[in-house]
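Asks: sequence-free structure coming up:
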């Protein structure tokens with residue numbers, strides 16, 4: 001039975017968002033993040049700037065203390081990897097990032113140390129998979145247990161000056177239950193390391209075991 005509080009079901013969601021006619025950030029991500037209490041994300045890469053400048057810039061998102069679980073590939077820009085390693089290993093970091101407020105980095109540190117943000121690394125382990133992990137799915141869940149899932153977009157830097165041309169497909173538990181259940185199961189299997197052709201590790205273990213790599217592709221970004 002659905003509770004009476006406002007949540008994901010109350011957002012006027014579309015089945016698809018595309019850059020030529022929609023603002024993916026203001027029309028989809030912000031409303032869903034505003035109402036969710038849990039956010040699961042499989043994404044090609046994670047940037048510290050996106051975690052701080054976007055997620056933690058939402059007042060209610062901070063106050064609600066949602067649980068965030070992310071599975072990402074094993075390649076990072078230099079400063080992203082260095083900062084994340086310090087925070088996951090020591091609970092804090094002395095590094096500074098251009099364009100990122102120190103208070104936001106502190107929020108990131110608190111989220112990690114309080115287990116509100118959990119990060120795992122997926123690495124292909126089969127000759128059938130070429131390159132690195134690049135699955136792009138997301139799952140929002142609210143306190144009514146309503147769920148919004150989406151596929152598409154590897155870009156979560158949300159930089160208004162560097163927008164990609166992209167699209168996402170959206171599924172809801174009240175209109176497309178089977179598709180949502182599939183996406184939820186796919187993420188859970190990733191999280192529990194039950195997906196064939198990839199191995200999934202806790203970030204701290206991956207860092208300690210030298211499984212993480214610097215990506216030359218992003219050095220100038």
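Replies: It's in. Note that this is a predicted model, so its numbers are computed, not measured. Residues are numbered from 1 along each chain as shown.

Asks: tell me the mean pLDDT for the longest helix seen in the chain?
Replies: Of all the elements of type helix in the chain, the one with the most residues (DSSP state H) is helix 177-191. Here helix 177-191 scores 97 as its mean pLDDT.

Asks: For that helix, buried residues please.
Replies: 179, 180, 183, 184, 186, 187, 190, 191 (16 or more other CB atoms under 10 Å). Just so you know, the C-beta spots here come from the backbone N, C-alpha and C atoms, and that holds for glycine as well.

Asks: And that helix, how far out from the chain middle?
Replies: 15 Å (CA atoms, centre = their mean, to the nearest Å).

Asks: farthest-separated two in the buried residues of helix 177-191?
Replies: 179 and 191 (18.9 Å; CB to CB).

Asks: Give the residue spans of the chain that score low on pLDDT.
Replies: 1-4, 53-65, 95-101, 126-131, 154-163, 216-221 (pLDDT under 70).

Asks: can you rerun that using 80?
Replies: Filtered on pLDDT under 80, the chain yields the residue ranges 1-5, 49-66, 89-105, 107, 126-132, 153-165, 215-221.

Asks: residue boundaries of the strands in it?
Replies: Ranges of strands in the chain, per DSSP state E, are 16-18, 38-43, 67-72, 75-76, 117-124, 137-141, 147-151, 167-172, 198-202, 213-214.

Asks: so can I have a markdown table of the ones you listed showing mean neighbour count and distance to residue 5?
Replies: Formatted as a markdown table, the strands of the chain follow (neighbours: other CB atoms under 10 Å; distance: least, CB to CB, whole Å):
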| stretch | mean neighbour count | distance to residue 5 |
| --- | --- | --- |
| strand 16-18 | 16 | 25 |
| strand 38-43 | 21 | 15 |
| strand 67-72 | 20 | 18 |
| strand 75-76 | 22 | 38 |
| strand 117-124 | 21 | 24 |
| strand 137-141 | 24 | 14 |
| strand 147-151 | 23 | 15 |
| strand 167-172 | 19 | 17 |
| strand 198-202 | 18 | 33 |
| strand 213-214 | 14 | 44 |
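
Asks: out of the ones you listed, nearest to residue 8?
Replies: Across the strands of the chain, closest to residue 8 is strand 147-151 (CB to CB), at 5.1 Å.

Asks: on that earlier part again, right, and the strands of the chain - which one's nearest residue 106?
Replies: strand 117-124 (13.0 Å).

Asks: Listing partners with orientation, what would you give for that closest one?
Replies: As defined by DSSP bridges, the strand partners of strand 117-124 come to strand 67-72 (parallel), strand 198-202 (antiparallel).
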